[in-house]
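*Asks:* I'd like to go over a predicted model; first the sequence, then the structure.
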Amino acid sequence: MCKEEAATAPVCAESGWQVRYFQYRDGMVPEWSRFAHIRRDETGSQVRSWCWQTFRLEEVEDCSAPRVMAMGLPYAATECTDCFVRFAFRESPDSAFDVGQGLIPARIDTPDQMASAMRVLQRELVDEAGRIPGGVVDPDRLGRLAGEVERFGRALRRFGWLAACRS
């Protein structure tokens with residue numbers, strides 16, 4: 001699939017294109033929430049990683065591959081494991097990584113992302129709380145909301161753990 005070239009990022013032999021890594025610029029987020037992501041695509045003023053997070057272009061910088069020194073590029077922060085796993089298995093026929101995610105991302109790395117996820121979940125819960133007293137109960141919608149709450153719970157625990165470990 002991919003091979004390491006001396007002092008550069010991996011190059012995919014089958015397509016010839018070079019993998020590009022990026023991370024938040026120094027000072028944009030707390031150091032414990034900086035991760036080296038693999039660039040999936042770019043549209044307008046946003047870049048999307050292989051872990052399906054989107055970033056504003058002005059907040060990120062290209063960087064070297066993790067544990068690789070590359071001329072002219074900043075050294076990479078800790079690697080985003082989700083990006084690396086999803087990128088490695090992108091050809092898998094059983095891969096569900098291209099399936100759209102829910103409202104709450106499974107991985108929340110920065111304080112701004114956590115605050116945003118909290119507001120989204122709060123809005124969804126308030127909307128549902130307004131429907132229930134009127135007898136409007138949709139089991140499918142409640143099931144999707146339960147999934148979002150569970151995903152948020154996992155992300156919140158991970159976020160707290162990251163903050164505690166790296167502060």
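*Replies:* All right, it came through fine.
*Asks:* can I assume H37 is in contact with F84?
*Replies:* No - counting by CB atoms under 8 Å, F84 is not a contact partner of H37; they are 9.2 Å apart. The C-beta positions use only the backbone N, C-alpha and C, and glycine is treated the same way.
*Asks:* more crowded one of these two?
*Replies:* Using other CB atoms under 10 Å, the more surrounded residue of H37 and F84 is H37, with 29 against 16.
*Asks:* Helix, strand, or coil at the more buried one?
*Replies:* strand (DSSP: H, G, I helix; E, B strand; the rest coil).
*Asks:* Tell me the spacing between it and R144.
*Replies:* Distance of H37 to R144, given as CB to CB, to the nearest Å: 27 Å.
*Asks:* And the pLDDT at the most centrally placed residue in the chain?
*Replies:* Geometric centre of the chain, nearest residue: Q53, 3.5 Å, by CA atoms, centre = their mean. On the pLDDT scale, Q53 is placed at 87.
*Asks:* any idea how far it is from L145?
*Replies:* Q53 is 22 Å from L145, by CB to CB.
*Asks:* Once you drop chain neighbours, what's closest to A106?
*Replies:* In space, and not counting its chain neighbours, A106 is closest to R151: 5.6 Å by CB to CB, 6 or more residues apart in numbering.
*Asks:* residues in contact with L121?
*Replies:* L103, I104, E148, V149, F152 (CB atoms under 8 Å, 6 or more residues apart in numbering).
*Asks:* Need the CA coordinates for the one helix or strand it maps to. CSV is fine.
*Replies:* L121 is part of helix 111-131, with elements assigned from DSSP states H and E. The C-alpha atoms that make up helix 111-131 are tabulated as CSV, following Å, rounded to 0.1, in the frame of the first residue of the first chain:
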residue,chain,number,x,y,z
PRO,A,111,-12.3,23.3,24.0
ASP,A,112,-14.2,25.1,21.1
GLN,A,113,-15.2,21.8,19.6
MET,A,114,-16.5,20.6,23.0
ALA,A,115,-18.5,23.8,23.6
SER,A,116,-20.0,23.5,20.1
ALA,A,117,-21.0,19.9,20.7
MET,A,118,-22.6,20.8,24.0
ARG,A,119,-24.6,23.5,22.4
VAL,A,120,-25.7,21.2,19.5
LEU,A,121,-26.7,18.4,22.0
GLN,A,122,-28.5,20.9,24.2
ARG,A,123,-30.5,22.3,21.2
GLU,A,124,-31.5,18.8,20.2
LEU,A,125,-32.6,17.8,23.7
VAL,A,126,-34.6,21.0,24.2
ASP,A,127,-36.4,20.4,20.8
GLU,A,128,-37.3,16.8,21.8
ALA,A,129,-38.4,17.9,25.3
GLY,A,130,-40.8,20.3,23.6
ARG,A,131,-42.4,17.5,21.5
